[in-house]
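**Q** Task: produce atomic coordinates for the following.
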Amino acid sequence: IVMEYCAAGSVSDIMRLRKQTLTEEQIAVIIKSTLKGLEYMHSHMKIHRDIKAGNILLNSKGEAKLADFGVSGQLSDSTAKRNTVIGTPYWMAPEVIQENGYGVSADIWSLGITCIEMAQGHPPYNNIHPMRAIFVIPSRPPPKLEHPEKFSDDFNSFIALCLVKKPEERMTATQLLETPFIKKAQSEIILEGIVNEASTLISNGGLFNDDYEEVYINILI
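**A** Sure, this is the predicted structure:
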């Protein structure tokens, strides 16, 4: 398999190497490209099931590319549901954890968590063990930014639209592309600087160390 080379690695790698979170402007560009990828996947009834900063790569032009389709799923039609509990706990949608059956909207929840991850440097509940998080996520209100006042209303609103508890009330990728936060996204050019910086750090021996333990869940129901 021949794949595009993304020298800087994932968005998670870039944040770790630079020891910095991303700005709203940078997040908007990355999420816009990611939504376009999800829009295409979802139109073909495919669920990624592991959306997070570690699975979004940036190429030399700053273009975001979805990666790691190893746990993606196929639906038979738009009303079909999956019952496999799979993914990385902190990013998992409540309906996935509760085994209620889920569809493509589970990716939208994970995207909202990814927004928080890129803004704060970590997903919600990262201070507790991943296996504990799967009990906390369904029982608590949708997470928010730790300091929402530091971010725009458009960004806070976008996250809230992604993190709606009831999957049937969650916006689709197509609808989210029309939100103010995404509509004002700039060109990928603004990401070239952080990509080049991360690439340089890698070539100089930058290390990739996770800040928290990562646990994958794959339980066939």
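**Q** Okay, helices next: where are they in the protein?
**A** 11-18, 24-43, 94-97, 105-120, 130-139, 153-162, 173-176, 180-183, 192-203 (DSSP state H).
**Q** tell me the most buried of those?
**A** helix 105-120 (a mean of 25; mean count of other Cβ atoms under 10 Å). C-betas here are computed from N, CA, C, even on glycine.
**Q** Report the residue spans of this structure with pLDDT below the cut-off.
**A** Residues of the chain meeting the criterion pLDDT under 70: 1-3, 69-87, 206-221.
**Q** Try it again at 90.
**A** By pLDDT under 90, the low-scoring segments of the chain are 1-9, 45, 49, 60-61, 67-89, 98-102, 130-131, 199-221.
**Q** follow-up on the earlier one: let's have the helices of the chain in CSV, adding distance to residue 88.
**A** Converted to CSV, those look like this (distance: least, Cβ to Cβ, whole Å):
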stretch, distance to residue 88
helix 11-18, 11
helix 24-43, 16
helix 94-97, 11
helix 105-120, 9
helix 130-139, 7
helix 153-162, 16
helix 173-176, 20
helix 180-183, 24
helix 192-203, 22
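**Q** Residue 53: which of those is closest?
**A** helix 11-18 (4.0 Å; Cβ to Cβ).
**Q** For that closest one, name the packing helices and strands.
**A** strand 56-58, helix 105-120, helix 192-203 (3 or more Cβ pairs under 8 Å, 6 or more residues apart in numbering; DSSP states H and E).
**Q** Distance from the second one to the middle of the chain?
**A** Read it as helix 105-120. 4 Å (Cα atoms, centre = their mean, to the nearest Å).
**Q** Which other helices and strands does it contact?
**A** Using 3+ Cβ pairs under 8 Å, 6+ apart, helix 105-120 is in contact with helix 11-18, helix 24-43, helix 94-97, helix 153-162, helix 173-176.
**Q** With respect to residue 91, which of the helices and strands packed on helix 11-18 lies nearest?
**A** Across the helices and strands packed on helix 11-18, closest to residue 91 is helix 105-120 (Cβ to Cβ), at 4.4 Å.
**Q** need the contact list for the residue lying closest to residue 54 once chain neighbours are set aside.
**A** Counting by Cβ to Cβ, 6 or more residues apart in numbering, residue 12 is the residue found nearest to residue 54 once chain neighbours are left out, at 4.0 Å. Residues in contact with residue 12, defined by Cβ atoms under 8 Å, 6 or more residues apart in numbering, are 52-54, 56, 117.
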